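J.: Quick check, what structure comes out for this input:
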Amino acid sequence: FYALFAIDFTNKKYANSPMYPEAVRRFAPFVGSSYEPGVTLSNKPVEVYAIFGGQWPHSSFMVPGGVMCAPTLSDMTRSRAILEYWKNEWLEKYWLGCSIERYRAIKSWADFQAWLDESPKHRDSDLGFFVRFCQDVGLDKYGGGVGKYIAYGYIPHHQKYNRPTIANRQGALIYRGGVYDGQNWMDFDQAKMLEHVAHSFYAGNTARHPFDGVTEPLDPASAGPDKYTWDKAPRYG
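T.: Presented below is the predicted three-dimensional model:
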């Protein structure tokens with residue numbers, strides 16, 4: 001954020017914003033008040049990877065189901081100390097302006113706006129300033145897409161996901177999947193996923209569920225002008 005993204009806010013194209021001087025004061029490369037601690041302290045969690053994996057990047061210590069090492073008490077104590085220092089000296093001090101517990105109580109955009117107005121520390125935190133600056137210069141209007149979104153859900157619950165099946169997958173996730181059609185929210189239903197091949201180099205033009213998919217390749221030279229890709233087009237609905 002600090003090294004590659006926030007420094008863009010110091011570009012003179014944003015000079016018309018009344019918040020521009022503050023953006024420069026915080027995010028100017030090397031001299032910004034938030035730049036050095038942000039860049040420096042962002043490395044602290046990586047030290048935990050190195051403790052368990054022996055190196056970073058390209059560490060292979062962590063695999064699904066656990067770690068490929070035997071952590072010692074010293075490893076655990078040192079790792080907790082690193083994360084505690086990172087939390088106290090950057091996450092809560094610079095980025096949030098509040099405790100993690102208070103921030104995790106935010107459940108909606110309305111909650112976030114109330115959080116901003118709750119305390120000057122919240123508004124003036126790097127996160128609070130970032131959101132306010134984005135709104136001021138109009139960045140919140142970019143990337144909206146068509147207003148329809150889908151999420152498949154992730155982070156399996158450590159107790160509920162012991163024997164995953166398609167039927168109970170949604171209920172075993174910490175963050176459930178969902179679909180927003182522009183007006184309504186619905187639970188994600190994998191049965192509604194279809195693969196379309198009308199424009200693919202495959203025989204037919206019928207949409208099928210992946211379980212029932214048929215892959216009969218065609219010669220691109222004779223497939224016709226409407227077919228132009230080897231990909232199937234997944235759609236929901």
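
J.: Quick one: the strands in the chain, in order.
T.: Along the chain, the segments classed as strands by DSSP state E run 62-63, 66-67, 149-151, 154-156, 173-175, 178-180, 185-187, 193-196, 233-236.

J.: Out of these, which is the most enclosed?
T.: strand 193-196 (a mean of 18; mean count of other Cβ atoms under 10 Å). Any C-beta I mention is one placed from the backbone N, CA and C, and that applies to glycine too.

J.: for that one, packing partners?
T.: strand 233-236 (3 or more Cβ pairs under 8 Å, 6 or more residues apart in numbering; DSSP states H and E).

J.: Give me the sheet partners of the strand it packs on and which way each runs.
T.: Taking DSSP bridges as the criterion, strand 233-236 forms sheet pairs with strand 193-196 (antiparallel).

J.: Skipping adjacent residues, who's closest to residue 234 in space?
T.: Excluding its sequence neighbours, the residue lying closest to residue 234 (Cβ to Cβ, 6 or more residues apart in numbering) is residue 195, at 5.5 Å.

J.: I'd like the distance between the one you found and residue 235.
T.: 8 Å (Cβ to Cβ, to the nearest Å).

J.: Give the residues shared as contacts by these two.
T.: When Cβ atoms under 8 Å, 6 or more residues apart in numbering defines a contact, the residues bordering residue 195 and residue 235 alike are residue 207.

J.: ok, back up a step: between the strands of the chain, which one is nearest to residue 212?
T.: strand 193-196 (9.1 Å; Cβ to Cβ).

J.: And for that closest one, what's in contact with it?
T.: Contacts for strand 193-196 (Cβ under 8 Å, 6+ apart): 205, 207-210, 213, 232-237.

J.: Quick check: nearest residue in space to residue 105, chain neighbours excluded?
T.: residue 111 (7.3 Å).

J.: who wins for proximity to residue 138 among the strands of the chain?
T.: So among the strands of the chain, strand 149-151 is nearest, using Cβ to Cβ, at 21.2 Å.

J.: That closest one pairs with which strands?
T.: The strands beside strand 149-151 in its sheet (DSSP bridges) come out as strand 178-180 (antiparallel).

J.: what's the strand it pairs with in contact with?
T.: 148-151, 153, 185-188, 236.

J.: Dump the longest helix along the chain to CSV, keeping only the CA atoms.
T.: Counting residues, the longest helix found in the chain (DSSP state H) is helix 73-86. What follows is helix 73-86, C-alpha atoms only, in CSV (Å, rounded to 0.1, in the frame of the first residue of the first chain):
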residue,chain,number,x,y,z
LEU,A,73,8.3,-22.8,22.5
SER,A,74,10.9,-20.3,21.5
ASP,A,75,9.5,-20.2,17.9
MET,A,76,6.0,-19.6,19.2
THR,A,77,7.0,-17.0,21.8
ARG,A,78,9.1,-15.1,19.3
SER,A,79,6.3,-15.2,16.6
ARG,A,80,3.7,-13.9,19.0
ALA,A,81,6.1,-11.1,20.1
ILE,A,82,6.6,-10.1,16.5
LEU,A,83,2.9,-10.0,15.7
GLU,A,84,2.2,-8.1,19.0
TYR,A,85,4.8,-5.5,18.1
TRP,A,86,3.4,-5.2,14.6
